[in-house]
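Colleague: This is a predicted model, with the sequence first.
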Amino acid sequence: MGKKKNLNGLPNSLTQRYFSTLFYYSKAYMSDWILNAASEIKISELVIDLMNETIEPKEMEIKPILAYLPRLKETIYLTLENENFESDFINSGIFKIELSKKYNFLNCTAILTDKEGKEYIGKTYTEFSYEKKFKVFKPNIIERIKNML
């Protein structure tokens, strides 16, 4: 079994990777997708479950935000292997994300939990929107009628 202190930096690595230029999807970075989608459905926080590849609230489970979660999970497994831990040593991993009221930045904290209950909490990162605002969701029928008037 490896040394637990070697896992302390893993939450920060995951956050930095997710919001980096490496995880650009289609027309925007992850912060842009999250901020634009959140502003459309008017939420102020969300939780991304890295291990189960899900998001709360469910309305935020869109392809651009979910697309790179398997790679983050793979990063967890590779880190565990490289540090001589069993592959199931980390059994929970989340990003807790709080959004600004004006939706131009978000704060993200990664929290990993091992099978012994120890939490590895990363620092809180602030990420800004880099691209021009864009629509994430197709307008519903009521919005289409309003736009026609």
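Modeller: Yep, it's here.
Colleague: in the chain, which ranges drop under the pLDDT threshold?
Modeller: Low-confidence segments of the chain, defined by pLDDT under 70, are located at 139-149.
Colleague: can you map out the strands along it?
Modeller: Under the criterion DSSP state E, the chain contains strands at 45-49, 54-56, 90-99, 105-114, 119-121, 125-128.
Colleague: In TSV: these, plus mean neighbour count and distance to Lys4.
Modeller: Just so you know, the C-beta spots here come from the backbone N, C-alpha and C atoms, and that holds for glycine as well. Written out in TSV, the entries for the strands of the chain read as follows (neighbours: other Cβ atoms under 10 Å; distance: least, Cβ to Cβ, whole Å):
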stretch	mean neighbour count	distance to Lys4
strand 45-49	18	22
strand 54-56	17	26
strand 90-99	19	11
strand 105-114	19	7
strand 119-121	14	8
strand 125-128	16	22
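Colleague: By residue count, tell me the biggest helix in this protein.
Modeller: Counting residues, the longest helix found in the chain (DSSP state H) is helix 69-82.
Colleague: Any chance of the strands of the chain in TSV with distance to Ala37 as columns?
Modeller: Converted to TSV, the strands of the chain look like this (distance: least, Cβ to Cβ, whole Å):
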stretch	distance to Ala37
strand 45-49	9
strand 54-56	10
strand 90-99	10
strand 105-114	11
strand 119-121	25
strand 125-128	14
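Colleague: contacting residues around the closest residue to Thr113 other than its chain neighbours?
Modeller: With Cβ to Cβ, 6 or more residues apart in numbering as the measure, Ser92 is the residue that lies nearest to Thr113, at 4.0 Å, once sequence neighbours are left out. Contact criterion Cβ atoms under 8 Å, 6 or more residues apart in numbering gives 51, 111-113 as the residues in contact with Ser92.
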